[in-house]
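Asker: Structure of the sequence below:
(2 chains)
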Amino acid sequence: MKKEMKIDEFCRPGEQLAEIDPAEIIPLPPPYDRIEKAPIRKLAEEQRKRMDASLDGVVAIGLTPPASPEEEKAFIEKFLAGLEKLFSADDNWTFLQPLTHTLEYCVKCQICSDACPTYLASGRQDIYRPTMRPEILRRIIHTYVKKDHLLLRKFQGSDIDLNWQTLARLAELAYRCTLCRRCAQVCLLGCDNALVSREIRKVFSQQMGIAPKELHEKGSVQQLRVGSSTGMTPAALKNIMEFVEEEIEEKTGRKIKIPVDKKGADMLLIHNAGEFMAWPENLEAFAILLDAAGVDWTLSTEIAGYDSVNYGVWYDDIQFARVAIRQSMAAKSLGVRKISLGECGHAHKAGIVVADRVLTGDLNIPRESILPLLEEIVLRGRIKLDPSRNNFPVTLHDPCNMVRLMGIVAPQRRILKQICPQFREMEPHGVENYCCGGGSGFAITQSTNFPDWRSAVSGRMKMKQILTAFEDVPGPEVKKYLCAPCSNCKGQFRDMFEYYGVWEKSGILYGGLVELIVNAMTNLKKPFIQWEWH
Amino acid sequence: MPQLEVGGKAYEVDEDGFLQELDKWSRDFAQGYASIEGIEGVLTEEHWKLIDYIRDYYAQFGIAPMIRKMCKDTGFNLKQIYELFPSGPAKGACKLAGLSKPTGCV
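Answerer: Here you go, the predicted model:
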């Protein structure tokens, strides 16, 4: 399918605009170079009638076409009303300044396109350019909000035909950007085209109630209702903690009571609830390590106090604020000195950076990343470690929000260099890393054929990097470890590795950082890391 | 909302075939769904052991059990679960047990 796309085509109902072509997506090293299956499952005919997939045949939202012209008109008017709010300082005091800056200053030089892993991996499909969404938004503003004269619009090339199809595609397109902000990093003018993706999502969510179910209904709404986006209630949490304590005793021979709701503890540690449901070894490793280092810490069983996720940071300011406040209230009710965030990238961005705009007065409790504390424990010798226990190839995946957004780059590396003799960097890394492909909610978007897209396209650059980092030991007989200190990234690696058959073909296990530290602890009789696919 | 016919009855399911009305679940539903999930013939005692375990856990805690806990409590390892339910514990066993699709960062 042709790759160059004119904006007129974007607005024309009907035909699918782009198709992921197996011959054009960037190649992977052998044995991943053989194309065994279509990269993305096609939707059933019946699904295509209900859900608009005319952007690229993929569905993250899948809007249903309007039943009448009146319905279409109402839909468009609602969007425009949301757009007005987006540019009002009262309604969008959070992000108005960087949004306006980006829309006004971008000169479409396309440096950002060459930095975008999704655009590159797709075989340079026009629709995935970081400048595409802002361009469509800019034209809608010129034509329907500022209402520039038609001649001026034609002269400037800022005209657009706004119809249901344009908006349905724009809504989907806002969910083809992982918000990794590699585009923003390379921009010479400081424009943040990823923020534009996020702000488009915000109009759809806050004004129109449109967002992927996994983010909203089953995500932030569920978190505020039962305590966690996983649906895990405080009772389920306690049941899981008992299991975790049993496992710790089996693995280490030591009984460790995990501190829960401990009033006046120094630090409230908030994990991504994914750890409780899918990666309990991460919780176990944290408990073993903090106990051994004598840290005064606690978990919380309050609503949102045991789930660090804040999906609002990806799509909705209001949901964001609600969750951030609940998390801070959980800390306040325990009287802890600070909140520390476990291995979760977006929770770092949400809780430590963005929440600063929401939390005031005594809710503005100090909030920090756990990584510097882990570094101190390892480098100051607070526990005994034997690096030879980690004598296998290890590489590090950088969660975008920790490195690019926050500049937390060195602690995790100093730890790995100290305890992993075969540590090697992937290229590029640190603040120039590539996203896992599951950023901004993609890793949890499990519906229809979207998981295929994030494995085949948005995660593909990362996949290539990982394989290249281990190119000296490619076969499955040498077991290798991909350290990914982020629950969301781990979810993406689990799905993507299954998609490509990575465990069978290459023997790469993914896991967190604390697991490696605990694996090196000298007083553990057995290795902590279990080389089993999960 | 898509509908799926299982054993001659129509059920409301999500886009990936997970049952939406949890109270409509029956043992016939699980048996009827087995062939759709690539399980041949009649569900065995081992299949039911897992399905019952998942349903009990869900009734008690409102969520699907953690896979590691499921393995430990039922005595099956992950490989055996995949042999019983080719789509795996979440997409296979939980689906037959009539649970919603797992959500959140899991």
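Asker: From now on I want contacts and neighbour counts done on CA atoms only, so please keep to that.
Answerer: Will do.
Asker: can the least confident helix or strand in chain B by mean pLDDT be found next to chain A?
Answerer: Here the helix or strand of chain B ranked lowest by mean pLDDT, DSSP states H and E is strand B:3-6, holding a mean of 85. No: on the criterion Cα under 8 Å from any Cα of the partner chain, strand B:3-6 is out of touch with chain A, staying 10.8 Å away.
Asker: and that strand, how far from the chain's centre?
Answerer: Between the mean C-alpha location of strand B:3-6 and the chain-wide mean there is a distance of 15 Å, by Cα atoms, centre = their mean, to the nearest Å.
Asker: Could you give me the buried positions within that strand?
Answerer: Buried residues in strand B:3-6, counted by 16 or more other Cα atoms under 10 Å in any protein chain shown: B:4, B:6.
Asker: Pull out the CA atoms of that strand and give them to me as CSV.
Answerer: Extracted as CSV, the C-alpha positions of strand B:3-6 are listed here (Å, rounded to 0.1, in the frame of the first residue of the first chain):
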residue,chain,number,x,y,z
GLN,B,3,-22.4,-12.7,20.7
LEU,B,4,-21.0,-16.1,20.6
GLU,B,5,-22.9,-19.3,20.2
VAL,B,6,-21.8,-22.0,22.6
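Asker: Name the strands paired with the next helix or strand after it and say parallel or antiparallel.
Answerer: Using DSSP states H and E, the helix or strand that follows strand B:3-6 in sequence is strand B:9-12. Sheet pairing of strand B:9-12 (DSSP bridges) gives strand B:3-6 (antiparallel).
Asker: separation between residue A:176 and residue A:421?
Answerer: 38 Å (Cα to Cα, to the nearest Å).
Asker: my guess is residue B:67 meets residue A:276, correct?
Answerer: No: the pair residue B:67 / residue A:276 is not scored as a contact, 10.6 Å apart, by Cα atoms under 8 Å.
Asker: More neighbours: which of these two?
Answerer: residue A:276 (25 against 19; other Cα atoms under 10 Å in any protein chain shown).
Asker: May I ask which helix or strand encompasses the more buried one?
Answerer: Secondary structure (DSSP H and E) places residue A:276 in helix A:274-277.
Asker: who does the next helix-or-strand element following that helix touch, helix- and strand-wise?
Answerer: Using DSSP H and E, the helix or strand that follows helix A:274-277 in sequence is helix A:280-292. Judged by 3 or more Cα pairs under 8 Å, 6 or more residues apart in numbering or on different chains; DSSP states H and E, helix A:280-292 is in contact with helix A:234-252, helix A:274-277, helix A:514-519.
Asker: Need the contact partners of the least confident helix or strand in chain A by mean pLDDT.
Answerer: Here the helix or strand of chain A ranked lowest by mean pLDDT, DSSP H and E is helix A:150-156, holding a mean of 89. Residues outside helix A:150-156 that contact it (Cα atoms under 8 Å, 6 or more residues apart in numbering or on different chains) are A:142-143, A:159.
Asker: What lies in contact with the least confident helix or strand of chain B?
Answerer: Against strand B:3-6 from outside (Cα under 8 Å, 6+ apart): B:10-13, B:17, B:29, B:32-33.
Asker: now do stretch B:17-32
Answerer: B:4, B:6-7, B:11-14, B:42-43, B:95-101.
Asker: Stretch B:46-66 and chain A in contact?
Answerer: Yes: remark: stretch B:46-66 sits within contact range of chain A at B:61-63, B:65-66, by Cα under 8 Å from any Cα.
Asker: Quick check: buried residues in that stretch?
Answerer: For stretch B:46-66, by 16+ other Cα under 10 Å, it's B:47-48, B:50-51, B:53-55, B:57-58, B:61-66.
Asker: Filter those residues down to just the ones in helices.
Answerer: Using DSSP state H, the members of the buried residues of stretch B:46-66 that fall within helices are B:47-48, B:50-51, B:53-55, B:57-58, B:61.
Asker: before we move on, the earlier item: can you name the next helix or strand after the least confident helix or strand of chain A?
Answerer: Next helix or strand after helix A:150-156 toward the C-terminus (DSSP H and E): helix A:164-173.
Asker: Show the average pLDDT along the helix or strand just after that next one.
Answerer: For helix A:164-173, the succeeding helix or strand toward the C-terminus, using DSSP H and E, is helix A:182-186. The average of the pLDDT scores along helix A:182-186 is 98.
Asker: what helices or strands is whichever helix or strand comes after helix A:182-186 leaning on?
Answerer: Reading on from helix A:182-186 to the C-terminus, the next helix or strand found by DSSP H and E is helix A:193-202. Here helix A:193-202 touches helix A:96-105, helix A:132-140, helix A:182-186, helix A:312-315, going by 3+ Cα pairs under 8 Å, 6+ apart.
Asker: for the stretch 351-500 of chain A, what spans make up the helices?
Answerer: For the stretch 351-500 of chain A, the helices defined by DSSP state H, counting those that start in this stretch occupy A:371-379, A:400, A:410-419, A:450-453, A:460-469, A:487-500.
Asker: For the stretch 151-300 of chain A, which residues are neighbours of chain B?
Answerer: So far as Cα under 8 Å from any Cα goes, the stretch 151-300 of chain A lies against chain B at A:214, A:218-219, A:228-233, A:235-236, A:243, A:272-278.
Asker: What subset of those is buried?
Answerer: A:214, A:218-219, A:228-233, A:236, A:243, A:272-278.
Asker: wait, what's in contact with the closest residue in space to residue B:40 that isn't next to it in sequence?
Answerer: Spatial nearest neighbour of residue B:40, excluding adjacent residues (Cα to Cα, 6 or more residues apart in numbering or on different chains): residue B:34 at 7.1 Å. Contacts for residue B:34 (Cα under 8 Å, 6+ apart) come out as B:40-41, B:43, B:96.
Asker: can you tell me how far residue B:34 sits from chain A?
Answerer: 20 Å (Cα to the nearest Cα, to the nearest Å).
Asker: in what helix or strand does that residue lie?
Answerer: With DSSP H and E as the test, residue B:34 turns up in helix B:27-36.
Asker: residues of that helix that come out buried?
Answerer: Buried residues in helix B:27-36 (16+ other Cα under 10 Å): B:29-34.
Asker: go on, stretch B:11-26?
Answerer: Buried residues in stretch B:11-26, counted by 16+ other Cα under 10 Å: B:11-14, B:17-20, B:25.
Asker: how about the helices and strands packed on helix A:193-202 in JSON lines, adding distance to residue A:441?
Answerer: JSON lines is the format used below for the helices and strands packed on helix A:193-202 (distance: least, Cα to Cα, whole Å):
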{"stretch": "helix A:96-105", "distance to residue A:441": "21"}
{"stretch": "helix A:132-140", "distance to residue A:441": "18"}
{"stretch": "helix A:182-186", "distance to residue A:441": "17"}
{"stretch": "helix A:312-315", "distance to residue A:441": "7"}
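Asker: Kindly present these as CSV, with separate columns for mean neighbour count.
Answerer: Formatted as CSV, the helices and strands packed on helix A:193-202 follow (neighbours: other Cα atoms under 10 Å in any protein chain shown):
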stretch, mean neighbour count
helix A:96-105, 16
helix A:132-140, 20
helix A:182-186, 22
helix A:312-315, 26
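Asker: so where's the chain shaky on pLDDT?
Answerer: Assuming you mean chain A. Applying pLDDT under 70 to chain A flags the ranges A:1-3, A:36.
Asker: Sorry, I should have been clearer: chain B.
Answerer: B:104-106.
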